[in-house]
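*Asks:* Got a predicted model here, sequence first, then my questions.
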Amino acid sequence: MSGRKRRFIVEADGGSRGNPGPAGYGAVVLDAATGEPLAEAAEFIGTATNNVAEYRGLIAGLRAARTLDPDAEIQVRMDSKLVVEQMSGRWKIKHPDMRPLAAEAKTIFPTPGQVSYTWIPREKNKHADRLANEAMDAGKRGERWKPSLSTAALDAGPRPEAVADSAEPEELEELSDRAGAPAPAGRAAAPAVPPAGWAAPADLGAPATFVLLRHGETALTPEKRFSGSGGSDPGLSPAGRRQAEATAAVLAARGTVQAIVSSPLRRCRETAETVAARTGLDIRVDEGLRETDFGAWEGLSFAEVRDRYPEDLDAWLASPRAEPTGGGESFETVARRVARSRDKLIARHAGRTVLLVTHVTPVKTLVRLALGAPPESLFRMELSPASLSVVAYYADGNASLRLLNDTGHLR
């Protein structure tokens, strides 16, 4: 990577049932590359006005973003025109209750230009709005809001993916201009939502089509052991080599693949080399396509991990931000890595069909992101060794899942 600063989107909201009345706020920090939620905050704040609750939500969101990376570039998106205009310096802050809150918000990221503000309609701020309502509901029961009980991310519905991390501010501005929304100079406005389904333009040209091939079996595969990028890097077993040969034969017969990109891990490279031998194509290796690093779980079965690290396993199953024991990668980290590679490959292979030889988590992640599905969907997909899946990426930003876990060529 080039060392560019990370980019976060902060969505915040606040509400008061009475104005003034019982009030609460909600905020979510999103990765600007993937649209993945990185942190949530919500709190019941007693009796307050809507505006106070909105400012409190802004402050909580900015603090959560600073905890993740104090040097990140931040785009705040809120449906409060008042807060957006006041924090952008275009409206004066006249109310005495607002001034200290605005001043506090400005101290969190004090570098000029590090934070930009964009107004969005309420229907685009569902995640933060739901968090605020959860906090107020908890306060009504005499309880504190608990992240583990929150359904805000699911209730908000699928989120369009954010603009890729590789895009420059000027490119992001251009995207915003096309959508009709002005962006502050040199900063990114809210990414445009591409039209979906029948609303899409009729002539988008040929998509970039990714044929996603999970590698063939290794000795660890039938034993259902964790085998990521931090373990022994096994090669294909005899069964895996037969699977690779069968897959190579069908891909060569179809003759549609125009390039091959592989994970750097041995099992993928061996599978890719088998296809390359049949098709005559070169192989490009992409580090972003490697499997999750499973830390101390590498080589263990699920039952062994459950026995040795039960609390860590429960946390990992419950949250995409949880890491395997011993410093492995969270699914959230993997999603960011895979999304960066996806965006680079789409740009490099526009209009072409590319074979990506990779692993369970990257394939499922690409499918999940294409569908706008929540992180827990990773546990609800079956992906067999040497299976084929296909995702097409169109010029307007839409993606279409065309095939999932096809193993017909292995029968």
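*Replies:* Looks like it came in fine.

*Asks:* make it CA atoms for all contacts and neighbour counts henceforth
*Replies:* Fine.

*Asks:* just for the protein, where's the confidence low?
*Replies:* 1-3, 154-204 (pLDDT under 70).

*Asks:* residue ranges for the strands of it, please.
*Replies:* 7-16, 21-31, 37-48, 73-78, 115-119, 208-214, 259-262, 283-285, 353-358, 388-393, 399-406 (DSSP state E).

*Asks:* Would you reformat those strands as CSV and include distance to residue 276 and mean neighbour count?
*Replies:* Below are the strands of the chain laid out as CSV (distance: least, Cα to Cα, whole Å; neighbours: other Cα atoms under 10 Å):
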stretch, distance to residue 276, mean neighbour count
strand 7-16, 38, 29
strand 21-31, 36, 28
strand 37-48, 38, 22
strand 73-78, 42, 24
strand 115-119, 47, 22
strand 208-214, 13, 26
strand 259-262, 8, 23
strand 283-285, 7, 17
strand 353-358, 10, 26
strand 388-393, 16, 22
strand 399-406, 20, 17
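
*Asks:* now those strands as TSV including distance to residue 321?
*Replies:* Shown next, in TSV, are the strands of the chain (distance: least, Cα to Cα, whole Å):
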stretch	distance to residue 321
strand 7-16	16
strand 21-31	12
strand 37-48	7
strand 73-78	20
strand 115-119	24
strand 208-214	24
strand 259-262	26
strand 283-285	27
strand 353-358	22
strand 388-393	25
strand 399-406	25
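
*Asks:* Go ahead and measure how far stretch 29-47 is from the middle of the chain.
*Replies:* Chain-centre distance of stretch 29-47: 14 Å, with Cα atoms, centre = their mean, to the nearest Å.

*Asks:* For residue 4, see how far away residue 344 is.
*Replies:* Counting by Cα to Cα, to the nearest Å, the separation of residue 344 from residue 4 is 15 Å.

*Asks:* so who does the nearest residue to residue 22 once chain neighbours are set aside touch?
*Replies:* Leaving aside its sequence neighbours, residue 22 sits nearest to residue 47 (Cα to Cα, 6 or more residues apart in numbering; 4.6 Å). By Cα atoms under 8 Å, 6 or more residues apart in numbering, the contact set of residue 47 is 16, 20, 21, 22, 23.

*Asks:* swap the cut-off to 6 Å and go again
*Replies:* With contact set as Cα atoms under 6 Å, 6 or more residues apart in numbering, residue 47 has these partners: 21, 22, 23.

*Asks:* What of residue 207?
*Replies:* 351, 392, 393, 394.

*Asks:* Now the last one. Its backbone dihedrals?
*Replies:* Right, residue 394. Backbone geometry at residue 394, expressed as degrees, to the nearest 10, gives phi -100, psi 160.

*Asks:* Give me the nearest residue to it, chain neighbours excluded.
*Replies:* Sequence neighbours aside, residue 207 is the residue nearest to residue 394 in space, at 4.6 Å (criterion: Cα to Cα, 6+ apart).

*Asks:* mind listing the helices for this protein?
*Replies:* Under the criterion DSSP state H, the chain contains helices at 50-68, 81-87, 98-108, 126-140, 152-155, 169-179, 238-254, 266-279, 302-308, 310-318, 331-348, 360-371.

*Asks:* now those helices as a markdown table including mean neighbour count and distance to residue 35?
*Replies:* Formatted as a markdown table, the helices of the chain follow (neighbours: other Cα atoms under 10 Å; distance: least, Cα to Cα, whole Å):
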| stretch | mean neighbour count | distance to residue 35 |
| --- | --- | --- |
| helix 50-68 | 24 | 14 |
| helix 81-87 | 19 | 21 |
| helix 98-108 | 15 | 22 |
| helix 126-140 | 24 | 12 |
| helix 152-155 | 17 | 12 |
| helix 169-179 | 16 | 15 |
| helix 238-254 | 18 | 33 |
| helix 266-279 | 22 | 28 |
| helix 302-308 | 14 | 30 |
| helix 310-318 | 15 | 19 |
| helix 331-348 | 19 | 9 |
| helix 360-371 | 22 | 9 |
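
*Asks:* Which one, of those, ends up nearest to residue 229?
*Replies:* helix 266-279 (10.0 Å; Cα to Cα).

*Asks:* Give me the angle between that closest one and strand 353-358.
*Replies:* 150 degrees (axes from the mean of the first three to the mean of the last three Cα atoms, to 10 degrees).

*Asks:* Give the other helices and strands that helix 266-279 contacts.
*Replies:* helix 238-254 (3 or more Cα pairs under 6 Å, 6 or more residues apart in numbering; DSSP states H and E).

*Asks:* Output the contacting helices and strands for the helix it packs on.
*Replies:* helix 266-279.

*Asks:* If we use 10 Å, what do you get?
*Replies:* strand 208-214, helix 266-279 (3 or more Cα pairs under 10 Å, 6 or more residues apart in numbering; DSSP states H and E).

*Asks:* tilt between that helix and helix 266-279?
*Replies:* Orientation of helix 238-254 against helix 266-279 (the same axes, to 10 degrees) gives an angle of 40 degrees.

*Asks:* Next, the angle from helix 238-254 to strand 388-393.
*Replies:* Using the same axes, to 10 degrees: helix 238-254 against strand 388-393 is 50 degrees.

*Asks:* Check what contacts helix 238-254 and list those residues.
*Replies:* 211, 213-219, 221, 235-237, 257, 267-268, 270-280, 355, 385-388, 407-411 (Cα atoms under 10 Å, 6 or more residues apart in numbering).

*Asks:* mind redoing it with 8 Å?
*Replies:* 215-218, 257, 271, 274-276, 278-279, 385-386, 409-410.

*Asks:* Lovely, talk soon.
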